[in-house]
Each structure stands twice: as structure tokens, then as C-alpha cells.
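J.: My questions concern the predicted model and sequence given below.
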Amino acid sequence: MKRIMKGLVGFTLGHSTAVFFVLILLWFGVQAPQFLQPESLANIIKQSSFIGIAALGMTVVLITGGIDLSVGSVMFLAPLIAGMAMRSFGLPVEAGFVVAMVVGAGLGGLNAFFIVVLRVVPFIVTLASLFVFRGFGTWLTSSTQFDFPERMRTFGLSNVLGIPTPILVFVVTAVVIHIVLRHTGAGRQIYAFGNDREAARKAGLVVGLIEARAYMISSVCAAISGFVMISQIGRLDVGFGQGREFDVIAAAVLGGASLFGGIGTALGAVAGATLIQTAKLGLVFTGVNLYMQPIILGMVIFAAMVADGIRGRRLRDKLARTIRPLTLS
């Protein structure tokens, strides 16, 4: 019996996101059967795309052992500059999308410069850029609402082979990040850096370049996320994306990315974002008091953080008892 309980605890910790997801579906499904209707589930996936795309980039940064608090401001600034280019030069939406990605890469490169070259702590750098990027965007708009061309909403509300564009962009981004992390040398270098920076350096890896890439990927994903969300509403105000960095970090950690570095997957980020949106929508369906919803959602995220801490401690204990590298299943 003791062995069974130990195995059950180990399975729960190793698959905490899936366990939370099933429990949430069952709970809200019993409370409100309409919650499990296909339309509701499709809506969950669509609304998850906004946070999910940014969580994919955040996962890459967390794997390196860093953190990016500026993603919410990048979601705001990169699409804003893209929208200004679209209005000023008559660019199509596809070109605006590329502009947003380029701006995102530039903002991520700016973070990387201070972190890699000047060796400033990532938390401090990205906290500062959170305010600087949003302040610059507020200055550009003079604190007024910015309206995108009508073709922007046409893009955001369109479908490709019956699949809503936001979901399609989400899936493509997830596939790209998954391939990069799992099937390329660059991805293996990111994991090596996150597990042991000094060992990676001694192995001949250019650790500064690896770290810089991670922050650029994070900002590009944040820019895509903001662009996709804005394409559905057609406008942007000064509060857009504010505080979203916490949802993004929570989604990445819920998906199994470790705050200590070295652990995380693209599929986990997708699952984490979907889990958060499932909880949010479930609270609405069951009529939970509006003021209680953040408290309950915070409790779910806190439970996932506790599971992450226990999982990390168990892994470190195993590593201390073996000479062979271990991975979480």
C-alpha cells in the first residue's frame, strides 16, 4: 500500500498539469454540464492562444534559469509600432505581422544586451524594460486609444480550413518552438545552459549567445501574442497587456517549466495556458462571485507552484544519488 501511495504521489507530481486539468474539467463539468459542450471547449482553446503564445517564449527563458517580466509591455509596444506602420505605409496585415516580430526581436535584443553584455540580473533588466517599453508606447499614443485598419479585424476573425486564425497561429508557434527545443542543436544548448551554465561554457558553448537568443525568442512570441489578440478587437489602449506577464509566467510554470532552469517543454506551455483559461471560463460558467475568481485562480496557480518546488527537490535528490543524467517523464 505504501509503495502504491508513493507511486501515485510521484505520478501526480510528474504530471501535475494533466492532473489539475482533469480535476478542473470534472469539477466544473459536474457543476455546469454546458461547460463541456464542444463550443465551450473550442472557445477555451481560442482564448488560450493569447497567453499561450507568450508562454511558449517564456518557457524558453525559464529553461535558461532566467525570467522575462517585460512580455506584457512587448505585447503592447510591438503591435503598436506595427499598426502605425500599417496605417502610415498602407502595409497589409501580413507585413504588419512581420514588423511586429522584428520589433519584438529588437526589444528582446535590448534586454539581452544588458543581461549578457553588462551582466545585470535578468529580473532587474526586464522589470525596468517593463516600464520603459510601456512608457514609450504611451508616449507614442499620447495615452489615447489607437485604432487599427479594418483589415486587421478581418484577419483576426478569419478562418483557415475552418480553424480560427488565432488557434492556427498558436499551433504553428507551438510546433516551431517544440522543434527548436527538441530537435535542434540550438535547443539542446538551451537545456545545457539551463542545467549548468559553467559546464556549458567549459564544453565550448557560446553561453552569451544562447542566453541572448532566449530573450529574443521570448519577446518575439510576446509580439505575436499581442498582435493576434489585437487582431480580434481592432484597437489598442494604454492598458493593453498590463499585468499579463504574471499570467504568462504562471502558464509556463503550470506547464512544467522550472523556475530553477533546465526543465520545460513547448507542449507544457500550451497545456499550462489552456489550464488557466479553463479555470477562468469554468469560474464564469459556475457563477462564482466576480471578486472570488482571482482568489480561486490564485490558489490553483499556487498549488502548481508548490508541486513544481517539490518536483524540483525530488529531482535534485535523485541527481545526488546517481551518476547518470535524469529527466522528468
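T.: Yep, it's here.

J.: quick one: low-confidence parts of the stretch 201-329 of the chain?
T.: Across the stretch 201-329 of the chain, the ranges flagged by pLDDT under 70 are 304-305, 308-309, 311-329.

J.: Strands of that one, residue ranges please.
T.: 235-236 (DSSP state E, counting those that start in this stretch).

J.: try the stretch 1-150 of the chain
T.: For the stretch 1-150 of the chain, the strands defined by DSSP E, counting those that start in this stretch cover 146-147.

J.: residue contacts, the spatially most central residue of the chain?
T.: Centroid-nearest residue in the chain: Ala55, 0.7 Å away (criterion: CA atoms, centre = their mean). The neighbours of Ala55, taking CB atoms under 8 Å, 6 or more residues apart in numbering as the test, are 248, 251-252, 255, 269-270, 272-273. Every C-beta, even on glycine, is put in place using the N, C-alpha and C of the backbone.

J.: ok, 10 Å please
T.: Listed by CB atoms under 10 Å, 6 or more residues apart in numbering, the contact partners of Ala55 are 48, 62, 71, 174, 177, 218, 221-222, 225, 247-255, 257, 266, 268-274, 276.

J.: next one: Phe114
T.: Neighbouring residues of Phe114 by CB under 10 Å, 6+ apart: 120-122, 124-126, 128-129, 215.

J.: Pull out the buried members of those.
T.: With burial judged by 16 or more other CB atoms under 10 Å, the buried subset of the contacts of Phe114 is 122, 125-126, 129, 215.

J.: Which ones among the contacts of Phe114 map onto helices?
T.: Within the contacts of Phe114, residues falling in helices by DSSP state H are 122, 124-126, 128-129, 215.

J.: For Arg235, state which of those is nearest.
T.: The closest of these to Arg235 turns out to be Ser129 (CB to CB; 24.3 Å).

J.: if I pick the closest one, what's in contact with it?
T.: Taking CB under 10 Å, 6+ apart as the criterion, Ser129 is in contact with 68-71, 73-74, 77, 107-108, 110-111, 114, 136, 215, 219.

J.: cool, and Ala214?
T.: Contacts of Ala214 (CB under 10 Å, 6+ apart): 57-66, 68, 108, 111-112, 115-116, 122, 190, 193-194.

J.: same check, this time on Val74
T.: For Val74, the contact set (CB under 10 Å, 6+ apart) comprises 54, 57, 68, 100, 103-104, 107-108, 111, 126, 129-130, 133-134, 137, 218-226, 241, 244-245.

J.: repeat that with 7 Å
T.: 104, 107, 133, 219, 222-223 (CB atoms under 7 Å, 6 or more residues apart in numbering).

J.: Quick check on the contacts of Ser129: which are buried?
T.: Buried, going by 16+ other CB under 10 Å: 68-71, 73-74, 77, 107-108, 110-111, 114, 136, 215, 219, out of the contacts of Ser129.

J.: are any of the contacts of Ala55 buried, and which?
T.: Burial by neighbour count, judged by 16+ other CB under 10 Å, picks out 48, 62, 71, 174, 177, 218, 221-222, 225, 247-255, 257, 266, 268-274, 276 from the contacts of Ala55.

J.: unless I'm mixing things up, Lys46 is touching Ile163, no?
T.: No: the criterion here is CB atoms under 7 Å, and Lys46 misses it with Ile163 at 9.9 Å.

J.: In terms of packing, which of the two has more residues around it?
T.: A count of neighbours by other CB atoms under 10 Å puts Lys46 above the other of Lys46 and Ile163, at 17 against 13.

J.: give the contact list for the more buried one.
T.: Listed by CB under 7 Å, 6+ apart, the contact partners of Lys46 are 164, 166-167.

J.: do you know how far the closest residue to Gly104 other than its chain neighbours is from Gly109?
T.: Distances taken as CB to CB, 6 or more residues apart in numbering put Ala223 closest to Gly104, at 2.8 Å, once the chain neighbours are dropped. Going from Ala223 to Gly109 by CB to CB, to the nearest Å gives 12 Å.

J.: Looking only at neighbour counts, state which of the two leads.
T.: Using other CB under 10 Å as the criterion, Ala223 and Gly109 rank with Ala223 on top: 33 against 15.

J.: Tell me which residues touch the more buried one, please.
T.: Residues in contact with Ala223 (CB under 7 Å, 6+ apart) are 74, 78-79, 100-101, 103-104.

J.: and with 6 Å instead?
T.: By CB atoms under 6 Å, 6 or more residues apart in numbering, the residues touching Ala223 are 74, 78, 100-101, 104.
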